[in-house]
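Asker: What follows is a predicted protein model with its sequence.
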Amino acid sequence: MIYVLGKNGKPLMPTKRHGKVRHLLKSGKAKIISVKPFTIQLLYETTEYTQPIILGIDAGYQNIGFSAVSEKKEFIAGECKLIDGQVERNKERIMYRRNRRNRLRHRKPKFDNRRKKEGWFAPSIQHKLDSHRRLIEKLKKILPITQIIVEVAAFDIQLIKNPNISGIEYQHGEQTGYWNLREYIMHRDNHECQNPNCNNRAKEKVLEIHHIGFWKEDRTDRPANLITLCTKCHIPRNHQKNGFLYGWKPKLKNFRPETFMSIVRWKMVNALKCQHTYGHITKSKRIALKLSKSHVNDAFVIANGTTQNRIESLNITQVRRNNRSLEKFYDAKYIDIRSGNAVKGKDLDCGRRVRNKCSEKNAPNLKIFRGEKIYSGHRSIRKQRYSFQPSDIAVFEGSKYEVAGIQNIGSYIKLKKLPKPVKIDRVKIYRYGKGFNLLNAA
């Protein structure tokens, strides 16, 4: 399928007349806009007649299915995998900003200009919402879409919990109404220790909140990283590498995808001025059409697809556009005298957690186990941005390769599937691999 834009940039109906397109390109009456999906723009005036096209969007927390359908055929279809790890990236940004502020002793406080605007969303949720809207805008640039239908959730989770819910109440998730995050976690865990092998026989167990990801330096206070444990299970011995808490990944009761759609669905529908539907309606139609379960097939059904001619689906993955962290810190390494292995300095710290408080709350002092320092650590500051980035597609000696990285201060480039790096002046860019990257584009 070849997508066509008019002289003024407005999308026209796609075509499969490859010979006609080749003739237009050779005669200079059209130019190539993008290679995948292959899109051209006409350089002469033509009629702007289009047919009604319905875009179906299977919205989700990690994947987006899309399908554009007319009365007789399907014009584009595919699945987009969204980038993950926004919480971890925010945590890294906070760490670097805090380090910079600590080095400026007389910097004025900035608390007064850190007000959250009305309708504010958490960065992880806002990122998912923006990704949905950007993908839809990209599709609208190459197809004359007349109607959009979005599947906002598998079911109305808030309506199930509260049949009288309406309006702004949808913007409040499960934590609304709890005066404290700790109370919310304990309520979610039924005020019980979540260790399946708990041996605490006390009639009234003293409960505490545990950070599940402490072993990978994730100490964020999001509900997915917190769990309820009793004081007999939440002890320092169980936090060590041979303890059951180290590397523990319990399954928590959460409705993250459903809650995400419950929070943002009306904002998405209102911003796009589109219609919406629910997953149980899509499922019943898909079963009636005898289609397998997939995001692409769900989007096809959402777009009122029935017996139209299908098209080969695209696989899209969202790639981070730019790492804005200009400075990286690499920790020192020591020999652990207990095992003889090389470990980072943060793994053998003094154990001090709180200042000016009871020392019982501090962890054991592990600095005494530091042996010989084998690496002093360093700070790396990025001073230059290169024209080639990882995931880009480059052309070398007539073949296409994925870029792995830049070497020798920009003089050599490392290409995947090649044993040695090549000089950068022998390579040309074919397609940038950031943003919404088509996996089957090379």
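Answerer: Here it is on my side, so go on. Residues are numbered from 1 along each chain as shown.
Asker: Show me the strands in the stretch 201-350 of the chain, by range?
Answerer: Secondary structure of the stretch 201-350 of the chain (DSSP state E, counting those that start in this stretch): strands at 207-211, 226-230, 275-278, 314-319, 327-330, 333-336, 342-344.
Asker: I'd like to know which elements the first one is packed against.
Answerer: By that I understand strand 207-211. Using 3 or more Cβ pairs under 8 Å, 6 or more residues apart in numbering; DSSP states H and E as the contact test, the elements touching strand 207-211 are helix 181-188, strand 226-230. Backbone N, C-alpha and C define where each C-beta goes, glycine included.
Asker: by contact count, what packs against the first one?
Answerer: The one in question is helix 181-188. Packed against helix 181-188 by the contact rule (3+ Cβ pairs under 8 Å, 6+ apart) you find strand 207-211, strand 226-230.
Asker: helix, strand or coil for residue 400?
Answerer: At residue 400 the chain is in strand, as set by DSSP: H, G, I helix; E, B strand; the rest coil.
Asker: scratch that, residue 371
Answerer: strand.
Asker: Residue 64 too?
Answerer: Residue 64 ends up strand, using three-state DSSP.
Asker: Output the below-cut-off pLDDT ranges for this structure.
Answerer: 104-114, 153-180, 254-259, 261-262, 353-361, 439-442 (pLDDT under 70).
Asker: Give me the residues contacting stretch 321-341.
Answerer: 92-93, 96, 99, 342-348, 369-382, 434-435 (Cβ atoms under 8 Å, 6 or more residues apart in numbering).
Asker: Return the subset of the residues you listed lying in helices.
Answerer: In this view, the contacts of stretch 321-341 that belong to helices under DSSP state H are 92, 93, 96, 99.
Asker: Just give the nearest non-adjacent residue to the first one, would you?
Answerer: Leaving out its chain neighbours, the residue that sits closest to residue 92 by Cβ to Cβ, 6 or more residues apart in numbering is residue 325, at 6.8 Å.
Asker: I'd like the distance between that neighbour and residue 97.
Answerer: According to Cβ to Cβ, to the nearest Å, residue 325 stands 10 Å off from residue 97.
Asker: quick one: which of those two has more around it?
Answerer: Neighbours were counted for residue 325 and for residue 97 using other Cβ atoms under 10 Å; residue 325 has more, 13 against 10.
Asker: Contact partners for residue 352?
Answerer: Residue 352 touches 362, 363, counting by Cβ under 8 Å, 6+ apart.
Asker: can you rerun that using 7 Å?
Answerer: By Cβ atoms under 7 Å, 6 or more residues apart in numbering, the contact set of residue 352 is residue 362.
Asker: what helix or strand does it sit in?
Answerer: Residue 352 is located outside every helix and strand, with elements delineated by DSSP states H and E.
Asker: Longest helix in the chain, please.
Answerer: Under DSSP H, the chain gives helix 123-142 as its longest helix.
Asker: Of all the residues in that one, which ones are buried?
Answerer: Buried positions in helix 123-142, judged by neighbour count with 16 or more other Cβ atoms under 10 Å: 124-125, 127-129, 131-132, 135-136, 138-142.
Asker: And the buried ones among the contacts of stretch 321-341, selectable in PyMOL?
Answerer: Of those, the buried ones can be selected in PyMOL as follows, counting by 16+ other Cβ under 10 Å:
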select buried, resi 343+345+348+369+370
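Asker: Helices of this structure, start to end?
Answerer: Using DSSP H, the helices of the chain run over residues 18-26, 86-102, 123-142, 157-161, 181-188, 236-239, 256-272, 279-288, 295-302.
Asker: Deepest-packed of those helices, please.
Answerer: helix 295-302 (a mean of 26; mean count of other Cβ atoms under 10 Å).
Asker: I'd like to know which elements that helix is packed against.
Answerer: If you count contacts as 3 or more Cβ pairs under 7 Å, 6 or more residues apart in numbering; DSSP states H and E, helix 295-302 packs onto strand 54-58, strand 63-69, strand 74-81, strand 147-153, helix 279-288.
Asker: go again using 6 Å as the cut-off
Answerer: strand 54-58, strand 63-69, strand 74-81, helix 279-288 (3 or more Cβ pairs under 6 Å, 6 or more residues apart in numbering; DSSP states H and E).
Asker: which one of the ones you listed lies closest to residue 388?
Answerer: Set against residue 388 and scored by Cβ to Cβ, the helices and strands packed on helix 295-302 come closest in strand 74-81, at 23.6 Å.
Asker: List of residues touching the closest one?
Answerer: Contact with strand 74-81 is made by 14, 63-65, 67-68, 135, 143, 295-296, 308, 310-311, 313-314, 316-317, as judged by Cβ atoms under 6 Å, 6 or more residues apart in numbering.
Asker: hmm, which of those residues are the buried ones?
Answerer: Buried among the contacts of strand 74-81 (16+ other Cβ under 10 Å): 14, 63-65, 67-68, 135, 143, 295-296, 308, 310-311, 313-314, 316.
Asker: From those residues, pick the one nearest residue 421.
Answerer: Using Cβ to Cβ, these come closest to residue 421 at residue 316, 29.0 Å.
Asker: wait, doesn't the closest one sit right on residue 296?
Answerer: No: contact between residue 316 and residue 296 fails when scored by Cβ atoms under 6 Å: they sit 11.2 Å apart.
Asker: if we can go back for a sec, quick one: which of the helices and strands packed on helix 181-188 is nearest residue 152?
Answerer: Of those, nearest to residue 152 by Cβ to Cβ is strand 226-230, at 27.8 Å.
Asker: Kindly check the end-to-end length of stretch 137-149 for me.
Answerer: 14 Å (Cα to Cα, to the nearest Å).
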